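Asker: All I have is the shape, not the residue letters:
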């Protein structure tokens, strides 16, 4: 629901002069803290948002801002609509349906002779430190997927081992805030998830490959190829909605008056950073090793200052 909510917020701001965080939080059934986080991410995408303080104030977009025709190409609009429509067909949602309708209306207004064909979804996924290098890798992966072209990669795994492989990339995956390419590895003769950020070098080869049928992404393979751990959290009620959005509401239960979350998560530095970002709002109950890592992490931060 995260991106559907962000789309909804964007169109709310485009259609109204000013809206309050409380109004948005109530409409989309999330916390005000979550709304401010979504607003920050929309700003990162280049939308000029500002706040108006005082009575009757709120959040607004600069009056002169419009979604220009260059915001997305015809093919990119087409791909976005197809992806959102597919998601809505499986998990119908009124908010998402409205967003799809508005996207279709916008492209018909901006482009004459609009015709749905095929297209690409280009996402600015690069980290702040090196957006050019990251974007280049994403572009290479995407080109190889579209053209069924093999790809050479120099890859660093989380243990520091460096390997050179020829892969057949099939799909790009966004999970737990990170980008992966799901590809057939010709070195291991099996499908693997490769984290984009851990690819040091990526080159397009002249060799074509035959796509294998992957109707559903095999998440059982995901958990086999990614180091994960089972984690139990104790949650402060003030942070409940944020944790529900992160882990999924089905993984959070009230037990004897305490909110407990259970989830299988990637065992990497990203998990530590995510837990720390909640401050005192979340506490690791299990496993003990992760609790000790959090303690050491917090101690190192204090000593650094």
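Answerer: Looks like it came in fine. The structure presented is a predicted model; accordingly, all values stated were derived computationally and were not measured.

Asker: use CA for all of it now, contacts and neighbours both
Answerer: Noted.

Asker: quick one: residue 142 and residue 276, what's the gap?
Answerer: Relative to residue 276, residue 142 is positioned 33 Å away (criterion: Cα to Cα, to the nearest Å).

Asker: between these two, who's got more neighbours?
Answerer: Neighbours per residue (other Cα atoms under 10 Å) separate residue 142 from residue 276, with residue 142 holding more: 20 against 16.

Asker: Look up how far residue 164 lies from the more buried one.
Answerer: From residue 142 across to residue 164, the span is 19 Å (Cα to Cα).

Asker: what number of residues lie near residue 273?
Answerer: The burial count assigned to residue 273 is 12, neighbours taken as other Cα under 10 Å.

Asker: Check which helix or strand it maps to.
Answerer: With elements taken from DSSP states H and E, the one containing residue 273 is helix 269-277.

Asker: So what angle separates the directions of the helix or strand containing residue 296 and helix 269-277?
Answerer: For residue 296, the element it lies in under DSSP H and E is helix 288-304. An angle of 70 degrees separates the directions of helix 288-304 and helix 269-277 when computed by axes from the mean of the first three to the mean of the last three Cα atoms, to 10 degrees.

Asker: How about residues contacting helix 288-304?
Answerer: Residues from elsewhere that reach helix 288-304 (Cα atoms under 8 Å, 6 or more residues apart in numbering): 272, 276, 284-285.

Asker: tell me which of those is nearest to residue 41?
Answerer: For residue 41, the nearest member of the contacts of helix 288-304 is residue 276. The distance, counting by Cα to Cα, is 19.6 Å.

Asker: How about the closest one: what's its closest non-neighbour residue?
Answerer: By the measure of Cα to Cα, 6 or more residues apart in numbering, the closest residue to residue 276 outside its immediate chain neighbours is residue 294, 7.7 Å from it.

Asker: about what we covered before: are any of the contacts of helix 288-304 buried, and which?
Answerer: Burial of those was assessed by neighbour count (16 or more other Cα atoms under 10 Å); the buried members are 276, 284.

Asker: most remote residue from the protein's center?
Answerer: When distances to the mean C-alpha position of the chain are computed (Cα atoms, centre = their mean), the maximum falls on residue 55, with 34.9 Å.

Asker: That one should be in a helix, yeah?
Answerer: No. Applying DSSP: H, G, I helix; E, B strand; the rest coil, one finds residue 55 to be coil, outside a helix.

Asker: Which pLDDT value belongs to it?
Answerer: Per-residue confidence for residue 55 comes out at a pLDDT of 72.
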